[in-house]
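Participant: I would like the atomic coordinates for the input below:
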Amino acid sequence: MDKVMLAVGTRKGLFLGRSDNRLDWEWEGPHQSMAAVAAVAIDTRRATPRILVGGRNEHWGPAVFTSDDLGQSWSEEAGGSISFPKDAGADLEQIWQLRPGPDDRPDEVWAGVEPSALFRSGDGGGTFTLVQSLWDHPHRPDWRPGAGGQCLHTIEPHPTDPNRVLVAMSTGGVYVTEDGTKSWNPANRGIRVPFMPDPEPEYGQCVHKVVRDTDDPDLLVLQNHGGVFRSTDGAKSWQQSETGLPANFGFGMTRTRGSDGSFFIFPLSADMNRFPVDGRAAVYRSDDDANTWQESRDGLPDSGFHTLVLRDALTSDDGDPTGVYFGTRSGEVWGSVDRGRSWNQLVSHLPDVLCVRAAVLS
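Facilitator: Next up is the predicted model:
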């Protein structure tokens, strides 16, 4: 098969792995040493793949770095490719998400940042412009930081309708535009928050992640702060989807490609007990559009596993069959070549893993 690349963002830089069989890996790094890399994208829409890295250096602050030679060299836009306009009254704290647009818009790249804001690039991630309509939304003064910050962490462009984009943030919930970012509407109907005075508020949910189905773009799965939900109508409404799960708290989610693909989630015990259930490493897979879930953990540690998987540290590649990967806050990366049925440790002793991205390189 073609070579697969893994891009692993950590608390102290980016590490790149390459493999011809997805079992034996060669690793290099760290790139952008000592920068906390919370966002990575491998953009394979062009003849030469581009790696985009959102890193935050404690001295220089956050920035986007790009490489068009698979990490051999890096460039950064002079003055920073992402920054708030002076009249926005905000400073960029961190880049949480870098998301290439659909294949038919090869120069489109989106960025989600802290404080919660959306930026768009029309030149492949070289420069970004604030999406003013979301920043000016009347709900924004009520958005509050979650435990990890007030971050816009999920961007899901519609694959065929350029006017439709979904974003999610902690806290704030899900918002959708259907008119090319001219306006945004909250899309949280049915997402319950039992500990709030209104258990089904219009907005303000602490959404941890949203994943869109690759075959049916109106099918979405969402991990809230204490609840897993699915939507079959493009986020107009949500229903609980927890059958088979040992707990309904967590962060990491992904979806494998193709009409026979699966959703994956890494549950944690609870919000005040953020450890894997019973100290067992376990990924849960749904093969029926997130109606039910089943444990997929062959090869994973059966006890003494007390780390966790963050929201962008569970991912998949474009191979056939699809490879699935996750990274832990204890610096391990695990992979599966059979859609999550069995797992192998690919690397260990990395810094704290914040995000993982995978791509097949032709």
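Participant: mind listing what Pro62 touches?
Facilitator: 54-56, 80, 82, 92-95, 113 (CB atoms under 8 Å, 6 or more residues apart in numbering). Yep, even glycine has a C-beta here, placed from its N, CA and C like the rest.
Participant: and Val221, what helix or strand is that in?
Facilitator: Here Val221 sits within strand 220-224, counting by DSSP states H and E.
Participant: Just checking: what are the partner strands of the helix or strand that that strand is followed by?
Facilitator: On the C-terminal side of strand 220-224, the nearest following helix or strand under DSSP H and E is strand 227-231. For strand 227-231, the paired strands and their directions (DSSP bridges) are strand 220-224 (antiparallel), strand 239-240 (antiparallel).
Participant: What are the contacting residues of the shortest one?
Facilitator: Residues outside strand 239-240 that contact it (CB under 8 Å, 6+ apart) are 190, 192, 227-231.
Participant: Of those, keep whichever come out buried.
Facilitator: If you count burial by 16 or more other CB atoms under 10 Å, the buried members of the contacts of strand 239-240 come out as 190, 192, 227-231.
Participant: pLDDT check: weakest of the contacts of Pro62?
Facilitator: In terms of pLDDT, the least confident member of the contacts of Pro62 is Gly80, at 65.
Participant: For the spatially most central residue of the chain, which non-adjacent residue is closest in space?
Facilitator: Nearest residue to the geometric centre of the chain (CA atoms, centre = their mean): Asp312, 3.6 Å. Spatially, and ignoring its direct neighbours in sequence, Asp312 is nearest to Cys355 (3.9 Å; CB to CB, 6 or more residues apart in numbering).
Participant: returning to what we had before: now do the contacts for the residue nearest to the centre of the chain.
Facilitator: 9, 38-40, 97, 153, 209, 252, 354-357.
Participant: any idea where the helices of the stretch 101-250 of the chain begin and end?
Facilitator: Listed in chain order, the helices found in the stretch 101-250 of the chain under DSSP state H, counting those that start in this stretch are 132-135.
Participant: Show me where it has its strands.
Facilitator: Under the criterion DSSP state E, counting those that start in this stretch, strands of the stretch 101-250 of the chain are mapped to 109-114, 117-121, 129-130, 151-157, 165-170, 173-177, 185-186, 207-212, 220-224, 227-231, 239-240, 249-255.
Participant: Could you export those as CSV, including distance to Arg50?
Facilitator: Converted to CSV, the strands of the stretch 101-250 of the chain look like this (distance: least, CB to CB, whole Å):
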stretch, distance to Arg50
strand 109-114, 9
strand 117-121, 11
strand 129-130, 19
strand 151-157, 17
strand 165-170, 21
strand 173-177, 25
strand 185-186, 32
strand 207-212, 22
strand 220-224, 27
strand 227-231, 31
strand 239-240, 38
strand 249-255, 21
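Participant: Point out the most buried one among the ones you listed.
Facilitator: The highest average neighbour count among the strands of the stretch 101-250 of the chain, using mean count of other CB atoms under 10 Å, belongs to strand 165-170 at a mean of 28.
Participant: Direction included, what does whichever helix or strand Leu52 is part of pair up with?
Facilitator: Per DSSP H and E, Leu52 falls inside strand 50-57. Here strand 50-57 has these sheet partners by DSSP bridges: strand 36-43 (antiparallel), strand 61-67 (antiparallel).
Participant: Same list, these, but as CSV with mean pLDDT and distance to Asp161 please.
Facilitator: As requested, the strands paired with strand 50-57 are arranged in CSV below (pLDDT from 0 to 100; distance: least, CB to CB, whole Å):
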stretch, mean pLDDT, distance to Asp161
strand 36-43, 97, 21
strand 61-67, 94, 26
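Participant: Just tell me which of those ends up closest to Asp317.
Facilitator: When the strands paired with strand 50-57 are compared by CB to CB, strand 36-43 sits nearest Asp317, at 9.4 Å.
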